[in-house]
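Trainee: pasting the structure only:
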């Protein structure tokens, strides 16, 4: 079972390295810079819970509700609109600062309660249809490989999800660590870049479902 767990961990490392830079990544890094390390960890926890739920739903076959052709169009449109809204809020966000006695300029933004961070991480991942597509493909392929053996699937996806969670926490820590080297102008630029990135993902999603509808 250790070998199976390591195989899953390798998949998680691949996911975190090559596919871990979507909307949730922008939200994770921005939260770490603006709110702090632990709020970003809560955001990562929300992403982890969503990934876990997706894997369970895929294994149960309930994912068909979302992938039905009649539902995919509106799911894509709504997801794109939500990401665009997130992007506009991020782009226009202003950093509130106070100047302490040592002359440094910390980033201080009044923050919501812990549950809000978890919910945001969950929702940001949930509305990304590419995450759904990824897990559908992986679960179908891996289930076939292990012949539907529940124990082996548990170890495999356990390794995958744990590595993804550790990767997200590492990204949050790295972002938090470099915050001290960033000034207010740099943070403002990052807000705009993150906002444009989120808006771009949203527009791409909307465009893709419209193109798919006519092809």
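Mentor: Right, received. Where do you want to start? This one's a predicted model, so the numbers in the text were calculated from it and none came from an experiment. Numbers count the residues shown, from 1 in each chain.
Trainee: switch to C-alpha atoms for all contacts and neighbour counts from now on
Mentor: OK.
Trainee: nearest residue to residue 11 other than its sequence neighbours?
Mentor: residue 160 (5.8 Å; CA to CA, 6 or more residues apart in numbering).
Trainee: Next SSE downstream of the helix or strand hosting that neighbour?
Mentor: Residue 160 is part of helix 150-178 when elements are defined by DSSP states H and E. Next along the chain after helix 150-178, taking DSSP H and E as the criterion, comes helix 184-213.
Trainee: Can you list the helices and strands that the helix holding residue 160 packs against?
Mentor: Contacts defined by 3 or more CA pairs under 8 Å, 6 or more residues apart in numbering; DSSP states H and E place helix 150-178 against helix 2-18, helix 23-34, helix 37-60.
Trainee: mind checking how far it is from the chain centre?
Mentor: Offset of helix 150-178 from its chain centre (CA atoms, centre = their mean, to the nearest Å): 12 Å.
Trainee: give the contact list for the residue nearest in space to the middle of the chain.
Mentor: Residue closest to the average C-alpha location in the chain (CA atoms, centre = their mean): residue 24, at 2.7 Å. Neighbour list for residue 24: 47, 121, 124, 125 [criterion: CA atoms under 8 Å, 6 or more residues apart in numbering].
Trainee: of all the residues you listed, which two lie farthest apart?
Mentor: The distance between the two most remote of these (CA to CA) is 7.6 Å, for 47 and 124.
Trainee: between these two, which one's more packed in?
Mentor: residue 47 (28 against 23; other CA atoms under 10 Å).
Trainee: Now do the same contact list for that one.
Mentor: 24, 118, 121, 122, 123, 124, 125.
Trainee: What's the mean pLDDT across the helix or strand encompassing the fourth one?
Mentor: Translated: residue 122. Residue 122 is part of helix 114-126, with elements assigned from DSSP H and E. The pLDDT scores in helix 114-126 average 85.
Trainee: Pop out the phi and psi values for residue 146.
Mentor: With angles defined as degrees, to the nearest 10, residue 146 sits at phi -100, psi 10.
Trainee: Now do the buried residues in the following helix or strand past the helix holding residue 122.
Mentor: Sequence-wise, the next helix or strand downstream of helix 114-126 (DSSP H and E) is helix 129-145. Residues of helix 129-145 classed as buried by neighbour count (16 or more other CA atoms under 10 Å): 129, 131, 132, 135, 136, 138, 139, 142.
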